[in-house]
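# quick one, what's the 3D model for this:
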Amino acid sequence: MTRTAETAPNAVVLGVDLAQSSDYTAIVVSEIIRTDSNHYVTRAIQRWQPARYQLVVDRVAQMLPKLREGVHVLQPNGTNYDYVRPTVTVVIDRTGVGRAVGDMFSEAKLDCRLELVTITSGHQVNRDEDGGWLVPKKDLMDAALVVMQNGRLAIAEQTPHAATLRAEMQSFRRRTSLAGRETFAAGDDWRREGRHDDIVLGQALALWAAEQPKPSGLVPGFLYAQAFAGLL
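Here you go, the predicted model:
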């Protein structure tokens, strides 16, 4: 059935935290509600232990057709419709898995905007030589904290792992050591061995990317929850 609307569908951002060793891979899907200050609704969370990274590429590729489904948007003249597809951005953390895994996503030519992120201990966001991002841990976590603390993130009640994400977010805090160096924690320690923080990191990746400056002229979309039904 053809779907119609008066405004364009909202953009979507996926944060993908790739598993290392026996840890989990997490994909966090958030819808961007564009207002003066962006608000976000996390619509889907997938968390599993893939046998190989190609399976993660395949999983993202399977999700994209549903996320990219368009609608016919009524034009101001009230008679014509334009078919508009939502923009989807996939943000991959390749910090601990190496460039080869990032290359797998690039070579798959996915129907989305792809951002490859390497988390650093530096003080400034930079591009690396292959067009990816070098993002200080502080910048990544600050972006997520600002959104969370300002009440601009909602988590859809029916989303699997929603309770886990809420719990990780509640315990997620910024700490300053006695030496004055900022550290970040989910629970007691950030990335402590044995502690799973894959979902909150996937969320942080999505929020950091979405909070980056965008071109002007964007118009608010409409809430399109049914587009996410097949991803839960």
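
# residues contacting V101?
For V101, the residues meeting the contact criterion (C-beta atoms under 8 Å, 6 or more residues apart in numbering) are 18, 53, 92, 94. Where you see a C-beta, it was placed from the backbone N, CA and C, and this is true even at glycine.

# please redo it, this time with the cut-off set to 7 Å
Neighbour list for V101: 18, 53, 94 [criterion: C-beta atoms under 7 Å, 6 or more residues apart in numbering].

# you'd agree the last one is up against A100?
So the one you mean is R94. No - when contacts are counted by C-beta atoms under 7 Å, R94 is not listed as touching A100 (8.9 Å).

# now render the contacts of V101 as JSON lines, adding secondary structure.
JSON lines is the format used below for these (DSSP: H, G, I helix; E, B strand; the rest coil):
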{"residue": "L18", "secondary structure": "coil"}
{"residue": "Y53", "secondary structure": "coil"}
{"residue": "R94", "secondary structure": "coil"}
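
# which of those tops the neighbour count?
Top of the contacts of V101 by neighbour number is L18, holding 25 neighbours under the definition other C-beta atoms under 10 Å.

# pull out the buried residues from stretch 94-113.
For stretch 94-113, burial by neighbour count (16 or more other C-beta atoms under 10 Å) applies to 94-95, 97, 101-102, 104-106, 110, 112.

# among those, which ones are in helices?
Judged by DSSP state H, helices contain the following of the buried residues of stretch 94-113: 101-102, 104-106.

# what's the pLDDT at R127?
Predicted confidence (pLDDT) for R127: 92.

# burial count for it?
R127 has 9 neighbouring residues, counting by other C-beta under 10 Å.

# how about it, nearest residue that isn't a chain neighbour?
In space, R127 comes closest to W133 once its chain neighbours are excluded; the distance is 6.5 Å by C-beta to C-beta, 6 or more residues apart in numbering.

# what does G122 give?
The spatial neighbour of G122 that comes closest, neighbours along the chain excluded (C-beta to C-beta, 6+ apart), is P136 at 4.9 Å.

# residue contacts, the residue nearest to R127?
Residues near W133 by C-beta under 7 Å, 6+ apart: 115-118, 125, 127.

# over to E157?
Taking C-beta under 7 Å, 6+ apart as the definition, E157 has no contacts.
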